[in-house]
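take this sequence and fold it.
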Amino acid sequence: MARALAAAIAVSLLAVSGAGGAGTQTPKRGGTIVIGAYGQPPCLSLQSVCGVGLEHTVVLGGTFGLKGHRWVPGLARVTRTKDPLTLVYHIRPEARWSDGTAVTSGDFVFTHRLWIRYGLVRLGETVWSRVQPLGRKSFRVTLARRSADWRVYPLFVAPRHALAGEDLSSVWRDTIDNPKTGEPIGSGPFLVERFERGEQITLVRNPRYWGPHTAYLDRVVVRLVPRGLAGVDALLQGEIDVLPTPLPEEAVTRLRRAPGIELRVYPGIAWEQLAIRVGPGGHPALKNKLVRRALAYGIDREAIVRELFGEIDRTLRPLDSLLFLSEESGYRPNWRSYRYRPAEARRLLEQAGCQRGADGIYACGRERLSLRFVTTAGNPRRQRTLELAQAQLRGVGIEVRPIYSPGTVLFGQLLPSGEWDVALFALSKNWPEDLPDAAYRCQGDFNFSGYCNRLVTRDLAQLDAIIDSEQLARVGNAADRKLARDVPAIPLFQRPEVDAIRTTVRIPDPPSAYAFYLNLQDWWLER
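Numbers count the residues shown, from 1 in each chain. Next up is the predicted model:
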């Protein structure tokens, strides 16, 4: 998918629509929790210089929200017309601002104009080309182009009655309010009570929230904490109640043994893969798909996942797709057949004409099958991954020579040069249905392997123009099955998210790696 938003914005896609309860326990009302945050926007203005964060998406609801790894209606539901570029938005009848004013089509038209005027990552220009009100609670949108990204826009809706005629360069610097009255405003479950720049943001319950119920908590404080062990110390000392991912690896063991602390582990939105260089500069044998398939059978992905994450979560499994995450509705395990089968790997190498040498390593076309495996330096998990793969492939007859480079060198020089054979690095998604086609299509921006299959590229080229989720899954999996036959890369695993939470804080499942604050209105304190 075209990357229309920065990853920092995508991580902030937070749902404000109501979702289930907190299990079988009865939620209790009241109380304040403190959440540790690794960054804050420099201001709250809707100008692009301020960015987008929790306070915008929890306070100012968006058209859609997220539940797990799928989109759900937020402020509106959408119906498609016969014209594939035209959508009709139906605003929830009960949706209103915290001052009692109804959320209307005028707010959406106003918001679209703000996004264009203030250059908010220019997304408005690429998604909606025309917005036509049909009534107070409905409007028609003409898309600028067919795009699977259409649900992302707008991330949040601004109140026209509060901001009309105001200069966004001078309002909402330190609050989200109605400049005409000075009162906090929003359509989400919380309002901004106080913004202490560089320190913390205090959110207070919106008593007029229109969802299934108002927030259980009285307040949520989002406090800035430094990366590393300082945030862990703050959690253990009772200064904060929740510390979201990423946690330092050395902190996980420490927190797992800490009384009153719970670790939540779930598959994340970034996944590790082994890209195989089939273009110039790579080992000549890797141009043969039989050799690449031998690599896939010769690596025990399940053993790698157990070794890396067994102490954290024994339920984690290898990822069996290059395009979909395991929690997505479109996920199909197209790579499931590639389980550790060293005998099959050797058979494929011999079918490719490779011959085993006296030292047990194959030679293909008289060139020893000694492969340069490159990855980032200073990453213990990646180092351990290469060590395990090295031992496993040695038993198959393939030599692995690990090369570790600083990230700037790896991505800025080594990978673009093509002077490598296999590369271990991660890809990630910005939102559901954001498929990484650029990594596998001919001459894609992130296609470091040099792989080019015209049929795969044809399938991948369709993805960005598909609006329907089921059709996207069909076309995406057709491409993924072809990738599994060609093996330009090997999916390893989704990197797990690990959140540390005080056991008195009750957060309903399921968690979402896209939005940790999903369903913040459903959080409560057990006292």
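
buried residues in the one helix or strand residue 392 maps to?
In this structure, residue 392 sits in helix 380-396 according to DSSP states H and E. The neighbour-count check on helix 380-396 (16 or more other Cβ atoms under 10 Å) flags 381-383, 385-386, 388-390, 392-393, 396 as buried. From N, CA and C alone the C-beta is placed, and that goes for glycine too.

against which helices or strands is that helix packed?
In this structure, helix 380-396 packs against strand 261-276, helix 289-298, helix 301-309, helix 342-351, strand 370-376, strand 399-405, strand 422-428, with contacts taken as 3 or more Cβ pairs under 8 Å, 6 or more residues apart in numbering; DSSP states H and E.

among those, which is the most enclosed?
By mean neighbour count, with neighbours taken as mean count of other Cβ atoms under 10 Å, helix 289-298 ranks first of these at a mean of 23.

quick one, that one and strand 370-376 angle?
Following axes from the mean of the first three to the mean of the last three Cα atoms, to 10 degrees, one obtains 60 degrees for the angle between helix 289-298 and strand 370-376.

tell me the helix or strand right after the lowest-mean-pLDDT helix or strand in the chain.
Of the helices and strands making up the chain, the lowest-confidence element is helix 7-10, at a mean of 34, by mean pLDDT, DSSP states H and E. Helices and strands here follow DSSP H and E; after helix 7-10, the next one along the chain is strand 32-37.

right, and the helix or strand after that next one?
For strand 32-37, the succeeding helix or strand toward the C-terminus, using DSSP H and E, is helix 54-59.

alpha carbons of that next one, as PDB, please.
The C-alpha coordinates for helix 54-59 follow below in PDB (Å, rounded to 0.1, in the frame of the first residue of the first chain):
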ATOM      1  CA  LEU A  54      -3.700   9.800  22.000                       C
ATOM      2  CA  GLU A  55      -5.300  13.100  23.000                       C
ATOM      3  CA  HIS A  56      -6.600  13.700  19.400                       C
ATOM      4  CA  THR A  57      -8.000  10.300  18.700                       C
ATOM      5  CA  VAL A  58      -9.500   9.600  22.100                       C
ATOM      6  CA  VAL A  59     -10.900  13.100  22.500                       C
END
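
return the set of buried residues in it.
Of the residues in helix 54-59, 54-59 count as buried by neighbour count, 16+ other Cβ under 10 Å.

how about stretch 315-327?
Residues of stretch 315-327 classed as buried: 316, 318-327 (neighbour count, 16+ other Cβ under 10 Å).

and that stretch, average pLDDT?
Per-residue pLDDT over stretch 315-327 has a mean of 92.

okay, the helices and strands packed on helix 380-396 in JSON lines with mean pLDDT and distance to residue 45 next?
Supplementary listing: those in JSON lines, determined by pLDDT from 0 to 100; distance: least, Cβ to Cβ, whole Å:
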{"stretch": "strand 261-276", "mean pLDDT": "91", "distance to residue 45": "28"}
{"stretch": "helix 289-298", "mean pLDDT": "98", "distance to residue 45": "50"}
{"stretch": "helix 301-309", "mean pLDDT": "95", "distance to residue 45": "41"}
{"stretch": "helix 342-351", "mean pLDDT": "98", "distance to residue 45": "57"}
{"stretch": "strand 370-376", "mean pLDDT": "98", "distance to residue 45": "36"}
{"stretch": "strand 399-405", "mean pLDDT": "97", "distance to residue 45": "40"}
{"stretch": "strand 422-428", "mean pLDDT": "95", "distance to residue 45": "28"}
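
between the ones you listed, which gets nearest to residue 172?
strand 261-276 (29.2 Å; Cβ to Cβ).
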